[in-house]
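J.: Just a sequence and a predicted model for now, questions to come.
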Amino acid sequence: MTRQLTYETAIALDKQDSLASFREEFYLQDNQIYLDGNSLGLLSKRAEKTLHTLIDSWKTLGIDGWTEGNYPWFYLSESLGDKMAQLVGAFEDEVIVTGSTTTNLHQLVATFYKPAGKRTKILADELNFPSDIYALQSQIQQKGFDYQEHLVQVKSADGHTLKEEDIIEAMTDEIALILLPSVLYRSGQILDMKRLTEEARQRGIVIGFDLCHSIGSIPHELSEWGVDFAFWCTYKHLNGGPGSVGSLYVNRKHFGTAPGLAGWFSSKKEKQFDMEHTLTHAEDAGAFQMGTPHVLSLAPLIGSLELFHEAGIEQIRQKSLALTRFMKELMEQELKGEQFVFRNPDQDDRRGGHLYIEHPEAARICRALKDEGVIPDFRTPNGIRLAPVALYNSFEDVWNSVQILKRIMKEELYKKYENKRGVVA
Ligand SMILES: Cc1ncc(COP(=O)(O)O)c(C=O)c1O
Ligand SMILES: Nc1ccccc1C(=O)C[C@H](N)C(=O)O
């Protein structure tokens, strides 16, 4: 028998929550329940502080800020990479904080996509975020191929999830490189990265993952699994701020590989200011940087990553699972008879940090939610994404947001709006 969930259940869960105190670290707005940390995480006081520290180093040190002050800018991408490594299960020198998701994808595919003989194609899937697909199409064109033929996109049987068996079956001897998401941005499905990497390795295919929707929400073991490369953004679960600098990982077995897209920040640090016209690139993940780091967009990450180290990614994952489980069960209990369809896989080891629910009136339900103080995001044509985030959401938030949704449905408050999306969500 399923348990009857009440307000008291939520309060009891909050009482047992060992991460509850982290909520105080964030700027939460009064009368608002923010459930969109899977798209843009909230500002923490630590992140704000380190941003101010770096503005101050610019103010007081000028050019010397590159090598002096609390966080010398010249080494920030490397030092943040060391801290980030734990979140992806990598060695410190395998990770660098640089670029953006899309530019890092370009860099890594330009580096590791080496079509030769029969192996000329890239394997991806039909559910990935569009930017990745556009980037892959253009990388294929850069090599002089037609992407209609050279980009193989594994199909989804249900339009929401992928089957590892289908991906493995598509790993033919024509595939040179595989790129997949760790967690699907819509349905929140976690792909079995360990298994897929093993299968790719057996076939001699390079494999990489886009970790945008898993970083800071689930643990990874990239080095142990032998993943060749990965990249991710830092503005969702990592709360680095709009446009914060992304990150990439390259497995140690590829150290010494020249970057496909070089620039002077690809240099060995000690050689960079020799200003030679022959690049001596770094031997580690640092080689995949290109130009000057966006220092002010790195700054909030210094403070934000501290919080992840204090909380621990395993604890974050446990709370996140409990939050999404509670939210799903509560919606099933409270919204019986409504036309909501859950698209997340139900098992814990398959469910990422957000829920994805479909409803024919999704666009205007999202509008109504926002006006009632609950911040979701909408994904066209009829999807609502809800992310109760471990570091700043509570079980009480989940209770309250589901009650608000229940009222919106019962009183048909959504009918006041047009069923059309806004510009962003
Ligand atoms: C899975 C995935 N890939 C790529 C992107 C694009 O990232 P960016 O615009 O930071 O390059 C996003 C989100 O914007 C994403 O969710
Ligand atoms: N970078 C953005 C800029 C503006 C608005 C949204 C985004 C997102 O990140 C969307 C996200 N990737 C998604 O999974 O829908």
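T.: Noted; the coordinates are in hand. Small disclaimer: the values here were computed from a predicted structure and weren't measured. Numbers count the residues shown, from 1 in each chain. Ligands and ions are numbered 1, 2, ... in the order given.
J.: Next up, identify which helix or strand Q153 is on.
T.: strand 151-154 (DSSP states H and E).
J.: Just give the number of residues close to the nearest residue to P345 once chain neighbours are set aside.
T.: Leaving aside its chain neighbours, P345 sits nearest to Q189 (5.2 Å; criterion: Cβ to Cβ, 6 or more residues apart in numbering). For glycine as for every other residue, the C-beta is placed from the backbone atoms N, C-alpha and C. Here the number of neighbours of Q189 (other Cβ atoms under 10 Å) works out to 23.
J.: just the one 3 residues further on next, same as before
T.: Burial of D192, expressed as a neighbour count using other Cβ under 10 Å, amounts to 14.
J.: For it, give me the pLDDT.
T.: For D192, the pLDDT comes out at 98.
J.: wait, S297 sits on V245?
T.: Yes - taking Cβ atoms under 8 Å as the definition, S297 is a contact partner of V245 at 5.0 Å.
J.: In terms of neighbours, single out the busier of these two.
T.: Using other Cβ under 10 Å as the criterion, S297 and V245 rank with V245 on top: 27 against 19.
J.: thought the more buried one was touching S100?
T.: Yes - the criterion here is Cβ under 8 Å, and V245 meets it with S100 at 7.4 Å.
J.: Which pLDDT value goes with Q107?
T.: pLDDT, Q107: 98.
J.: Quickly note the distance from it to ligand 2.
T.: Using Cβ to the nearest ligand atom, to the nearest Å, Q107 is found at 18 Å from ligand 2.
J.: Report the contact partners of that residue.
T.: 99, 248, 259-261, 288, 290 (Cβ atoms under 8 Å, 6 or more residues apart in numbering).
J.: ok, it to ligand 1 distance?
T.: 12 Å.
J.: now swap in E8 and tell me
T.: Distance from E8 to ligand 1, by Cβ to the nearest ligand atom: 37 Å.
J.: Just the closest residue of the stretch 201-350 of the chain to ligand 1, please.
T.: Of all residues in the stretch 201-350 of the chain, the one sitting closest to ligand 1 is C212 (3.8 Å; Cβ to the nearest ligand atom).
J.: just to revisit the earlier point, could you list which of the contacts of Q107 belong to strands?
T.: Among these, the members found in strands (DSSP state E) are L248.
J.: most neighbours, which of the contacts of Q107?
T.: F288 (31 neighbours).
J.: Wait, it touches S247, no?
T.: No - contact criterion Cβ under 8 Å: F288 and S247 do not qualify, at 10.4 Å.
J.: what touches both of the two?
T.: Contacts common to F288 and S247, judged by Cβ under 8 Å, 6+ apart, are 96, 98, 104.
J.: show me the contacts for the second one.
T.: For T98, the residues meeting the contact criterion (Cβ under 8 Å, 6+ apart) are 77, 104, 245-248, 265, 288-290, 293.
J.: List the buried residues of the helix or strand harbouring N400.
T.: Using DSSP H and E, N400 sits in helix 395-410. For helix 395-410, a neighbour-count test (16 or more other Cβ atoms under 10 Å) marks 395, 397-402, 404-406, 408-409 as buried.
J.: What is the nearest of those residues to I178?
T.: The nearest member of the buried residues of helix 395-410 to I178, counting by Cβ to Cβ, is V398 at 36.1 Å.
J.: Not counting sequence-adjacent ones, nearest residue to the closest one?
T.: M327 (4.8 Å).
J.: and that neighbour, that's in a helix?
T.: Yes - using DSSP: H, G, I helix; E, B strand; the rest coil, the secondary structure at M327 is a helix.
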